[in-house]
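K.L.:
sequence plus predicted model, see below.
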Amino acid sequence: MLYCNGDVRLSHTYDKKYMHFDIIGEIQQIETIAINTGIREVDRLRKVYGNARWRKKKGVATIMLTDKTIHQAELHWYEATSFGRKEVKIKYLLD
């Protein structure tokens, strides 16, 4: 089981509440959405984590929410070789 450190944003809620979840197993169907200047928040990522070749990625995984329910979800995150996966968020619950 992979573990997401800290709170993550459930992006399809309007009040932008933060919630915690665990990724169970591996993320499948991983795609790169944008690279470096194609990422709107690249300046913030570089300021917070450091200068690197940032990529915005998406994939599908089985997750467990804090209420112990298990769902399939599309996840989005930022990733750089030097820093790994950062700011994982649930984009959509697929079930």
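P.N.:
Cool, got the structure.
K.L.:
can you pull out the helices in the protein?
P.N.:
Using DSSP state H, the helices of the chain run over residues 42-48.
K.L.:
how far does the lengthiest strand in the chain sit from its chain's centre?
P.N.:
The residue-count maximum for a strand in the chain (DSSP state E) belongs to strand 21-35. Taking C-alpha atoms, centre = their mean, to the nearest Å, one finds the center of strand 21-35 at 7 Å from the center of the full chain.
K.L.:
now do the buried residues in that strand.
P.N.:
Within strand 21-35, the residues that count as buried by 16 or more other C-beta atoms under 10 Å are 21-23, 27. Yep, even glycine has a C-beta here, placed from its N, CA and C like the rest.
K.L.:
show me where this structure has strands.
P.N.:
So, for the chain - with DSSP E - the strands run 2-3, 8-9, 18-19, 21-35, 55-65, 70-80, 84-93.
K.L.:
using a markdown table, lay out the ones you listed together with mean pLDDT and distance to Arg46.
P.N.:
A markdown table is the format used below for those (pLDDT from 0 to 100; distance: least, C-beta to C-beta, whole Å):
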| stretch | mean pLDDT | distance to Arg46 |
| --- | --- | --- |
| strand 2-3 | 44 | 25 |
| strand 8-9 | 47 | 20 |
| strand 18-19 | 68 | 23 |
| strand 21-35 | 94 | 13 |
| strand 55-65 | 95 | 13 |
| strand 70-80 | 95 | 9 |
| strand 84-93 | 92 | 12 |
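K.L.:
would CSV of those strands with distance to Leu45 be doable?
P.N.:
Output for the strands of the chain, formatted as CSV (distance: least, C-beta to C-beta, whole Å):
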stretch, distance to Leu45
strand 2-3, 21
strand 8-9, 15
strand 18-19, 19
strand 21-35, 11
strand 55-65, 9
strand 70-80, 6
strand 84-93, 7
